[in-house]
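Colleague: Pasted the sequence and its predicted model underneath.
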Amino acid sequence: SKAPGYPGNRNLYSIVNRYTFARYDAPTFFLTYAETALLEAEAAQRGWISGDAKTFYDAGVTGAILQLNQTGAALTAAQASAYLALNPFNEAKALEQINTQYWINTFMDEYEAWANWRRSGYPVLTPVNYFGNVTNGTIPRRFVYPTTEAATNLANYNDAVSRLDDGDAMTSRVWWDSK
């Protein structure tokens, strides 16, 4: 309630429909066709694999949209095509587009979405400096080590922490985190 722009009522925030995504028999997605195709799109865009980034991107976005049918949606390939027509692949913004779509596709797998955001830097997120947060308005980059680690494994704990840019803090970046 102390955040800038607070609308005055928690019910005015958009939330995920728990009756769709958190119901007892809701599907759980571990690694999907859409994720794989979007990762292939990035790899092709970076020249790491052969193939056309746009083709992989279109397949990934289509797969992500149609995947929602497993939650009870009634989406069609024509609707996915219409979405792609309104949001075409843009070579100049390819990595941003690919990784933003990946983030959207993995929103119910919060650790994967967070890991890919840290790796890629996309989508561009706006941190919120709410009252009492431990990162001073910075989006966390990692979990801190458990307090028992220093007590039971001090030499290795100190070695690992010495390689972090900000010590054992939630704002330190792991080696693969985007800079």
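Modeller: Okay, I see it. Being a predicted model, the structure only gives us computed values, none of them experimental.

Colleague: Quick one: list the elements packing against the lengthiest helix in the chain.
Modeller: Longest helix of the chain, by residue count under DSSP state H: helix 53-67. Packing partners of helix 53-67 (3 or more C-beta pairs under 8 Å, 6 or more residues apart in numbering; DSSP states H and E): helix 33-45, helix 77-86, helix 94-105. (Each C-beta comes from the backbone N, C-alpha and C, glycine too.)

Colleague: which other residues reach the second one?
Modeller: Counting contacts by C-beta atoms under 8 Å, 6 or more residues apart in numbering, the residues outside helix 77-86 that touch it are 58, 61-62, 65-66.

Colleague: Just name the closest of those residues to Arg163, please.
Modeller: Minimum distance to Arg163 across the contacts of helix 77-86 is 37.7 Å, recorded for Val61 (C-beta to C-beta).

Colleague: Of all residues in the chain, which one is nearest the centre?
Modeller: Residue closest to the mean C-alpha point of the chain, counted by C-alpha atoms, centre = their mean, is Ala113 at 2.2 Å.

Colleague: Now do the contacts for that one.
Modeller: Neighbours of Ala113 in contact, by C-beta under 8 Å, 6+ apart: 102-103, 106-107.

Colleague: Just send the residues you listed back as TSV, with pLDDT and distance to Ile49 too.
Modeller: Formatted as TSV, the contacts of Ala113 follow (pLDDT from 0 to 100; distance: C-beta to C-beta, whole Å):
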residue	pLDDT	distance to Ile49
Tyr102	97	16
Trp103	96	21
Thr106	94	21
Phe107	85	26
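
Colleague: Could you turn the buried ones of these into a PyMOL selection?
Modeller: Applying 16 or more other C-beta atoms under 10 Å to these leaves a buried subset, and the PyMOL line that selects it is:
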select buried, resi 102+103+106
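
Colleague: and of the contacts of Ala113, the nearest to Phe29?
Modeller: For those, the minimum distance to Phe29 (C-beta to C-beta) is 8.2 Å, reached by Thr106.

Colleague: In contact with the closest one, which residues are there?
Modeller: Residues in contact with Thr106 (C-beta under 8 Å, 6+ apart) are 35, 112-113, 116.
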